[in-house]
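Student: Got a sequence here, can you build the structure:
(2 chains)
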Amino acid sequence: MRIYDTMARAKVALDLPQDRVIRVFVCGPTVQDNFHIGHARTYIFFDAFVKYLRSSGHRVFYLQNITDIDDKIIDRANSEGVRFDVISRRFTNEFHDIMSLLRVDSVNFFAHATDHIAEILAQISILIRKGMAYETEDGVYFDVEKFPDYGKLWGQNPDTLLPSADTSGSKRNPRDFAVWKKLKPGEPYWDSPWGRGRPGWHIEDTAITDRYFGPVYDIHGGGMDLIFPHHDAEIAIERSISGKDRLADYWIHTGMINVNDEKMSKSLKNFVTIREVLKSYRAEDLRFALLNANFSSSLNYSESLLQEARRNVSQISILYNKALLKLGDRAEYRKDYDIIASLDSIIQDNMDFRGLFRDVIRLVNTWNASLDNLGADDLNQIYSLLKWVDSFAGILRRGSSDITVSGTVNLLLNIRKELRAIKQYQLADSIRSRLLEMGVYIEDNGSDTAWWINSPDGADIS
RNA sequence: GGAUAGGUGGCAGAGCGGUCAUGCGUGGGACUGCAGAUCCCAUCUAAUAGGGUUCAACUCCCUACCUAUCCUCCA
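Tutor: The predicted structure follows:
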């Protein structure tokens, strides 16, 4: 498998051992506000990525941090007149709710910064002892000059940088970054050898990854906007402590979501929240839309992007359900079809979900054209392929395998079939519309009727 | 200013030195009690600009221009 690695600035072979657990860390959110499509893009991508690795036989431990102490959280708490943890808890819960709606469920463990203060303090002590960090009247700062590789991930020549805009605090160098911020009145704090205060951002992640993964792990991911300074700062901290030549073997970064060619962000007020989208579209639509692009390219968000995704998701899901209904109890999930191997090779090249989807749609069209002539083996191939894609991409609408529901629906459909046979259409249509109201979507094909839970269009939040 | 990624038809977006993918959209048709779904046909004759290499360039090279991201917090 090959993937674009930020450190190498090229596609590289992703050589992951099969004989041990792969350690993947992806930067989680700062829980300070509602979550938008940009967050969705990154977390959906890594969800699909990790699920794909697992489906191809790797054991993966997927770790994500939650930044639950930070200036913006404190600001918001102050403006609402509540403790900081009221805010962080509220948005942590919201984050988990949203991820669950998006079918992002591959993370093994969420590590909260405030649960790792001891590890953070230990790291700061080492940095000071090694002369890599210094204490001032308002904090402890990492001395960027002492770490020659600072900025290497980002690939910048330090001489060409724009002057740093961050002149806050009493730093020696504007690019030095805080690992400990000393208490200002009214702020939450923890005790430390350098007085009361709270951790800086970058060291939260190194304290967490060091604890669970050690000084070097396999894959570090996150949004493009975190490359500098955040990830370079993590590298500087951890390598200063460990003495190793690297922090992670592979660096994978997702591109930004744009709106009218500008980055979606809080400050530009051009963001669309995930919750808002899920009022008109399903999670599967959003997953398809966001995965349907090179993961490292920026992606322009628009309504038509979602509409197109919904249309494709609908086509794929409908065929899947038809195949499943035709197969009945002959359905058998097998991964040894050639077609799966051939589509697998597309993903193997830089996690090309877009290429995968393109070919899936092509196949769906071909199969649709000959659906009535397909035998059980063909149908099983369709069923298996789409189920396999869904196992990591998460793009199929849910049907129903509930036997009790099945029995009831089939009973109603049989009655309806007889009504249609004697042209009692009014009653037949009434059954159809009542079923639809209950979330059972039905579709007549000649004398047969296909049905499934969830209509092709619709939303996950009402 | 620097680094990175790009500039392809109405939109999204591949590949390839020489037969202009594919999807969405749009138009027409078939099927259907209706709805939905599906199929068939058609549609667009595209490449930021200017040079160069070549028998031949959207595809290679050069130049210019343009866009996005980062260089403060940010997924």
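Student: For A:L161, give its distance to RNA strand B.
Tutor: From A:L161 over to RNA strand B the distance is 4 Å, taken as CB to the nearest atom of the strand, to the nearest Å. Placement of C-beta: from N, CA and C, glycine included.
Student: no wait, A:R20
Tutor: Distance from A:R20 to RNA strand B, by CB to the nearest atom of the strand: 27 Å.
Student: do the same with A:R334
Tutor: 24 Å.
Student: Check A:F213 too.
Tutor: 18 Å.
Student: ok, and the closest non-adjacent residue to that residue?
Tutor: A:R23 (4.6 Å; CB to CB, 6 or more residues apart in numbering).
Student: Wait, a strand at that neighbour?
Tutor: Yes. A:R23: assigned to a strand according to DSSP: H, G, I helix; E, B strand; the rest coil.
Student: What count of nearby residues applies to it?
Tutor: Per other CB atoms under 10 Å, the neighbour tally for A:R23 reads 20.
Student: Confirm for me that it is in contact with A:V216.
Tutor: No. Assessed by CB atoms under 8 Å, A:R23 is found out of contact with A:V216, at 9.1 Å.
Student: Give me the pLDDT for the residue of the stretch 201-350 of chain A found nearest RNA strand B.
Tutor: As assessed by CB to the nearest atom of the strand, RNA strand B sits closest to A:G223 within the stretch 201-350 of chain A, at 2.0 Å. Per-residue confidence (pLDDT) for A:G223: 96.
Student: for it, phi and psi?
Tutor: Taking degrees, to the nearest 10, you get phi -70, psi 150 for the backbone angles of A:G223.
Student: for the nearest residue to it once chain neighbours are set aside, what are its contacts?
Tutor: Leaving aside its chain neighbours, A:G223 sits nearest to A:T42 (4.9 Å; criterion: CB to CB, 6+ apart). A:T42 sits next to A:26, A:221-223, A:254 when contact means CB atoms under 8 Å, 6 or more residues apart in numbering.
Student: and the residue of the stretch 201-350 of chain A closest to RNA strand B, what does it touch?
Tutor: A:27, A:38, A:42, A:253-254, A:256.
Student: A:Y212 too?
Tutor: A:Y212 makes contact with A:23, A:61, A:63, A:109, A:111, according to CB under 8 Å, 6+ apart.
Student: out of the residues you listed, which are buried?
Tutor: In the contacts of A:Y212, burial by neighbour count holds for A:23, A:61, A:63, A:111, counting by 16 or more other CB atoms under 10 Å.
Student: Among those, which are located in strands?
Tutor: A:23, A:61, A:63, A:111 (DSSP state E).
Student: and which of those residues is nearest to A:Y52?
Tutor: Among those, A:F61 lies closest to A:Y52 (CB to CB), at 15.5 Å.
Student: Does the closest one have any beta-bridge partners, and if so which?
Tutor: On the basis of DSSP bridges, A:F61 is bridged to A:R23.
Student: Tell me where chain A has helices.
Tutor: Under the criterion DSSP state H, chain A contains helices at A:37-55, A:71-80, A:84-101, A:117-129, A:201-213, A:232-242, A:274-277, A:283-291, A:303-327, A:338-348, A:353-369, A:376-393, A:403-421, A:425-437.
Student: Lowest average pLDDT across the ones you listed?
Tutor: Mean pLDDT across the helices of chain A is lowest at helix A:403-421; the value there is a mean of 87.
Student: and for it, what are the contacting residues?
Tutor: Counting by CB under 8 Å, 6+ apart, A:400, A:425, A:427-428, A:431-432, A:435, A:440, A:442, A:444, A:447, A:449, A:451, A:453 sit against helix A:403-421.
Student: The same query, at a cut-off of 6 Å, please.
Tutor: Helix A:403-421 is contacted from outside by A:427-428, A:431, A:440, A:449, A:451, using CB atoms under 6 Å, 6 or more residues apart in numbering.
Student: quick check, nearest of these to RNA strand B?
Tutor: After measuring the contacts of helix A:403-421 against RNA strand B - CB to the nearest atom of the strand - the closest member comes out as A:A428, at 4.9 Å.
Student: Next up, the contacts around that closest one.
Tutor: Shown in contact with A:A428 (CB under 6 Å, 6+ apart): A:416, A:419-420.
Student: okay if I get these as CSV plus neighbour count and distance to RNA strand B?
Tutor: Formatted as CSV, the contacts of A:A428 follow (neighbours: other CB atoms under 10 Å; distance: CB to the nearest atom of the strand, whole Å):
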residue, neighbour count, distance to RNA strand B
A:R416, 21, 8
A:L419, 17, 8
A:R420, 18, 5
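Student: Enumerate the residues of the stretch 51-200 of chain A near RNA strand B.
Tutor: A:67, A:70, A:72, A:154-157, A:160-162, A:164-166, A:174-175, A:177 (CB under 7 Å from any atom of the strand).
Student: Could you identify the most distant pair in those?
Tutor: A:K72 and A:N157 (31.4 Å).
Student: Neighbour count for these two, which is higher?
Tutor: Neighbour count, other CB under 10 Å: between A:K72 and A:N157, A:K72 has more, with 14 against 7.
Student: Now do the same for A:R83: its pLDDT.
Tutor: 96.
Student: Check A:I453 too.
Tutor: The model's pLDDT for A:I453 equals 75.
Student: For A:K322, see how far away it is.
Tutor: 14 Å (CB to CB, to the nearest Å).
Student: okay, the two: which has more neighbours?
Tutor: Ranked by neighbour count (other CB under 10 Å), A:I453 and A:K322 place A:K322 first, with 21 against 17.
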